[in-house]
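> For reference, the sequence and a predicted model appear below.
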Amino acid sequence: MKPTVLTTCCAALLICSSVIAAVHNVPQDYGTIQAAIDASADGDSVILAPMTYSGSGNCNLNFKGKKITVAGTNPADAQTVESTILDCGGNSRGFVFYYAEGPDSKLAGVTITNGYAFLGGAIYCYNNSSPSISNCRIVNNRGVFGGGITCANPGSVPTISNCQIRGNSAIVGGGAMYCNGASPVIKNCVISGNSAAQGGAFYGHNPGSPVLTNCTVAGNNASQRAGGLYCYTASNLATAGTVLWQDAAQYGAELLVANMGTPTSVSVSYCDVDNSAANVIAETGCTVVWGQGNINLDPCLVQIGQTTAGTTSTAGDYHLLSDSPCVDAGDAAYAAAPAEVDIDGDARISGGRIDIGADEREASVLDVTLDANPENLNLGSGVKRINCIVTLTEGYDVASIVLTTIRLNGDIQAAWCQIDPDAQQLMAKFERSDIEKLIGPDDSSLALQLSGKLNDGTSFSGTDNIGISHAGGNNGNGNGNGSSNGNGKAKGKG
């Protein structure tokens, strides 16, 4: 039996080695992007060095149904993405997906520019194709429909996340995106400075359920209808957590839900919509369902880009200023996906709740003074609790601390909390049994970090060390110093 077992094991190893994912580097290994795609198998990656790609084999690219990743060397780095350019030469598009690609077909970290096609100047998804497109720049492309991206037919449900879609134009509809019966999911994107006759940013028709979440749609324009979002014939868009601001059109500047023979309904929640009374229009038989949390206040964006001659635009800066009403104004129940980030790669929720728009303004962490007692914990003693005294930075009222948010070392809840308004201090007590779980057999000291939040969403944190004396004579010599770590973040919400 041994030879049979050995033969079986060798066969298994050969099978495993045959499915190990390969990396195909362009231009080091292949002269063109398409050549690298053609050489790839499911699970492989095509990695593009930062440079400009153009000409045959670098445009009209086709995944051919493969579950592969085509990406720049560092999709999370904005400078690398800007330097990894597919220049389509004004007469072709970047990518087409029509082999029913799914979410495992991934495009990330590239800039597609100077594209032109009847449908989708940069990217075209149809025939039940649903790729994952992330961290890309779709800039200055043109089309008849969908200057930037076109998605067509009911089975096409691409996910487009953390992308900048800017300065694209369409002769008829959808400067940034055209949606014909498809249901794309668009998240954490900035859609700005795009233009068309209708639907400067988005043009959707025929039955579908597109989703627009946590995006900033600003500075787009239409010469006729709907500078921002245009939906009709049962293209039932749902948008949440989105800024719609300073888009322009003769009719329906921000949102137009049109009556073209089939009722259409668009839902809007936790959005900041510019002059919603005048700039949002639902024609007879159509509906705008206003959900919770919508506002109509200047979002205080750093700078909205300007469109020039209907085809190009200055980039603008769509970060939120510190006094933006969009900060912490999103859905309090929003649950960010694991590792979900904003347009800059920052954690998607920072502070009390998610911000409205593509930018999550990073919460400041207020440094506080923490004094933990006893300063030396003898594990053979009868001490049952560790006492922590918190003193806030001058100018903050201890009464603003939300007691239910107090945690020690990330997840240990306080057994007891009390505020002393006269002394301007917080006293919190933690069970020794919980703290002992953090102590290793040879530890002579333990760093404690107490964190919490104020009622305006500001986070605070302070650290102190206590010495550890192990039963049996392994005595620690660490002493509490009652000082904070002084490492608060500078980029703040206040």
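Cool, got the structure.
> Flag every buried residue along stretch 149-162.
For stretch 149-162, burial by neighbour count (16 or more other C-beta atoms under 10 Å) applies to 149-153, 156-162. C-beta here means a position set from N, CA and C on the backbone, and glycine is covered the same way.
> Generate CSV for those, with secondary structure and pLDDT as supplementary columns.
Output for the buried residues of stretch 149-162, formatted as CSV (DSSP: H, G, I helix; E, B strand; the rest coil; pLDDT from 0 to 100):
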residue, secondary structure, pLDDT
Ile149, strand, 98
Thr150, strand, 98
Cys151, strand, 98
Ala152, strand, 97
Asn153, coil, 94
Ser156, coil, 97
Val157, coil, 98
Pro158, coil, 98
Thr159, strand, 98
Ile160, strand, 98
Ser161, strand, 98
Asn162, coil, 98
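> Show me the two of the residues you listed that sit farthest apart.
Asn153 and Asn162 (25.1 Å; C-beta to C-beta).
> With distance to Thr242 as added columns, please give the buried residues of stretch 149-162 in a markdown table.
Formatted as a markdown table, the buried residues of stretch 149-162 follow (distance: C-beta to C-beta, whole Å):
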| residue | distance to Thr242 |
| --- | --- |
| Ile149 | 17 |
| Thr150 | 21 |
| Cys151 | 18 |
| Ala152 | 23 |
| Asn153 | 25 |
| Ser156 | 22 |
| Val157 | 19 |
| Pro158 | 18 |
| Thr159 | 16 |
| Ile160 | 14 |
| Ser161 | 14 |
| Asn162 | 14 |
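> Mind picking the one among the residues you listed that's closest to Val96?
For those, the nearest to Val96 is Thr150 (9.7 Å; C-beta to C-beta).
> isn't that closest one right up against Ala176?
No - using C-beta atoms under 8 Å, Thr150 makes no contact with Ala176, being 10.5 Å away.
> ok, now which ones touch Pro184?
125, 149, 151, 156-160, 177, 210-211 (C-beta atoms under 8 Å, 6 or more residues apart in numbering).
> let's see 7 Å
For Pro184, the contact set (C-beta atoms under 7 Å, 6 or more residues apart in numbering) comprises 151, 157-158, 160, 210.
> And it, how far from Leu86?
20 Å (C-beta to C-beta, to the nearest Å).
> same question, Gly72
For Gly72, the distance to Leu86 - C-beta to C-beta - is 10 Å.
> Spit out the residues that contact the two alike.
Val110.
> which strand residues sit across from Leu448 in the sheet?
Applying DSSP bridges to Leu448 gives these bridge partners: Asp464.
> Go ahead and confirm it touches Gly462.
No - shown here, Leu448 and Gly462 do not form a contact pair, counting by C-beta atoms under 7 Å, at 9.0 Å.
> Neighbour count: these two, which is higher?
Gly462 (28 against 21; other C-beta atoms under 10 Å).
> where's that one, which helix or strand?
strand 459-469 (DSSP states H and E).
> One more: Ala35?
Using DSSP H and E, Ala35 falls in helix 33-38.
> For the nearest residue to Pro103 once chain neighbours are set aside, give me phi and psi.
Using C-beta to C-beta, 6 or more residues apart in numbering and skipping the chain neighbours, the partner closest in space to Pro103 is Ser132 (5.0 Å). Main-chain dihedrals, Ser132, degrees, to the nearest 10: phi -100, psi 120.
> same thing with Ile435?
Dihedral angles (degrees, to the nearest 10) for Ile435: phi -70, psi -30.
> Pretty sure Leu237 sits against Ala226.
No - counting by C-beta under 7 Å, Leu237 does not reach Ala226; the two are 11.5 Å apart.
> Show me the shaky parts of the stretch 201-350 of the chain.
For the stretch 201-350 of the chain, the stretches flagged by pLDDT under 70 are 306-314.
> just the helices in it please.
Applying DSSP state H, counting those that start in this stretch to the stretch 201-350 of the chain gives helices spanning 276-279.
> same deal with the stretch 351-494 of the chain?
432-436.
> low-scoring pLDDT stretches of it, where are they?
364, 456-457, 471-494.
> what bridges to Ser161?
Bridge pairing for Ser161 - DSSP bridges - gives Ser134, Lys187.
> residue contacts, it?
Going by C-beta under 7 Å, 6+ apart, the list of residues near Ser161 reads 134, 187-189.
> Per-residue confidence at Tyr124, what does it come out as?
Tyr124 carries a pLDDT value of 98.
> correct me, but it touches Arg93?
Yes - with contact defined as C-beta under 7 Å, Tyr124 and Arg93 form a contacting pair (6.1 Å).
> how about the helices in the stretch 1-150 of the chain?
So, for the stretch 1-150 of the chain - with DSSP H, counting those that start in this stretch - the helices run 2-18, 33-38, 78-83.
> Going by mean pLDDT, which of those helices comes out lowest?
Averaging pLDDT over each of the helices of the stretch 1-150 of the chain puts helix 2-18 lowest, since it has a mean of 41.
> where's Ala201 relative to Asp42, distance?
In terms of C-beta to C-beta, Ala201 sits 35 Å off from Asp42.
> per-residue confidence for the residue lying closest to Asp87 once chain neighbours are set aside?
Nearest non-adjacent residue to Asp87, counting by C-beta to C-beta, 6+ apart: Ser54, 4.4 Å away. On pLDDT, Ser54 comes in at 98.
> What count of nearby residues applies to Ser54?
Ser54 has 14 nearby residues by other C-beta under 10 Å.
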